[in-house]
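Asker: prediction below, plus the sequence it came from.
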Amino acid sequence: MQESLSHQADPANRARLRWRARRGLLENDLILTRFLDRHEIELSDADVDALSRLLDLSDNDLMDLLLGRREPQDKLDEPGIHALLRRLRDA
């Protein structure tokens, strides 16, 4: 059985993540693009998983989290999500 490539080792995965980070709300798009421009090379697979879960949210819900208007709840209330949000908010 072939082991799947990590995010950093697979250019297609990296391109897909960048594409998913493009958002309808300009503010989200700017925050995510700036973050990826600065930190993509250092993201772990756990970071990418957390970011992917955030990208599953609607634009308005994501914006509320990025701006600190609210904190993650339910399935997103995990240390990895909180840590990534801190990094995103500092970007």
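Answerer: In hand now; what should we look at? Numbers count the residues shown, from 1 in each chain.
Asker: what's the first helix or strand after the lowest-mean-pLDDT helix or strand in the chain?
Answerer: Counting by mean pLDDT, DSSP states H and E, the chain has its least confident helix or strand at helix 11-20, which shows a mean of 83. Next along the chain after helix 11-20, taking DSSP states H and E as the criterion, comes helix 26-39.
Asker: quick one: low-confidence parts of this protein?
Answerer: The chain contains residues with pLDDT under 70 at 1-8.
Asker: related to what we said a few turns ago, relative to helix 26-39, how tilted is the least confident helix or strand of the chain?
Answerer: Per axes from the mean of the first three to the mean of the last three C-alpha atoms, to 10 degrees, the angle that helix 11-20 makes with helix 26-39 is 150 degrees.
Asker: buried residues in helix 11-20?
Answerer: Applying a neighbour-count criterion of 16 or more other C-beta atoms under 10 Å, one finds 13, 14, 17 buried in helix 11-20. Every C-beta, even on glycine, is put in place using the N, C-alpha and C of the backbone.
Asker: from residue 37, how far off is the residue lying closest to the last one once chain neighbours are set aside?
Answerer: Translated: residue 17. Sequence neighbours aside, residue 48 is the residue nearest to residue 17 in space, at 6.3 Å (criterion: C-beta to C-beta, 6 or more residues apart in numbering). Distance of residue 48 to residue 37, computed by C-beta to C-beta, to the nearest Å: 16 Å.
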